[in-house]
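Peer 1: My questions are about this predicted structure, shown below with the sequence.
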Amino acid sequence: MICFEHEDRQAVGLCRACNKGLCAKCAVDHDYGLSCSGDCETEARLVQQQILQNRKSLRTGRQSLYLWPVIFLFMGGSMLVSELLRRGPVLNWATIFGGGLSLFALYMFFINRKWGQVMDASEADE
């Protein structure tokens, strides 16, 4: 690969912001990647800040991974139990809705469990 600015030099890497080839003279090292000097330096810093913020958000989201499934399961289960204890017609809107919420909670639980495993694998790669 050839440097974008100096066609007689080999590139040592790509700019993190514009993806152009950079030689050792053009490259600005940020410890997390290279960039061109000038506007690309600012852009590369912003990209790195976004990556760090996303990692922080993922860790925070991990803490509440099963909160909504538990809430929906509680709501659906409460509706089912209260309607079944009432000894009215077994199949009415409350039992259907409560059963639907309970099924949705189980679906969310398994989806979030799979997502948690993906997050664990990505954290192990770092």
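Peer 2: All right, it came through fine.

Peer 1: Please work out how many residues are found near Met79.
Peer 2: Met79: 20 surrounding residues under other Cβ atoms under 10 Å. Just so you know, the C-beta spots here come from the backbone N, C-alpha and C atoms, and that holds for glycine as well.

Peer 1: so who does Asp39 touch?
Peer 2: Ala17 (Cβ atoms under 8 Å, 6 or more residues apart in numbering).

Peer 1: actually Leu80, sorry about that
Peer 2: Contacts of Leu80 by Cβ under 8 Å, 6+ apart are 94-95, 98-99, 102.

Peer 1: ok, of those, which one's closest to Ala27?
Peer 2: Ser102 (57.0 Å; Cβ to Cβ).

Peer 1: Mind checking what secondary structure the closest one has?
Peer 2: For Ser102, the assignment made with DSSP: H, G, I helix; E, B strand; the rest coil gives helix.
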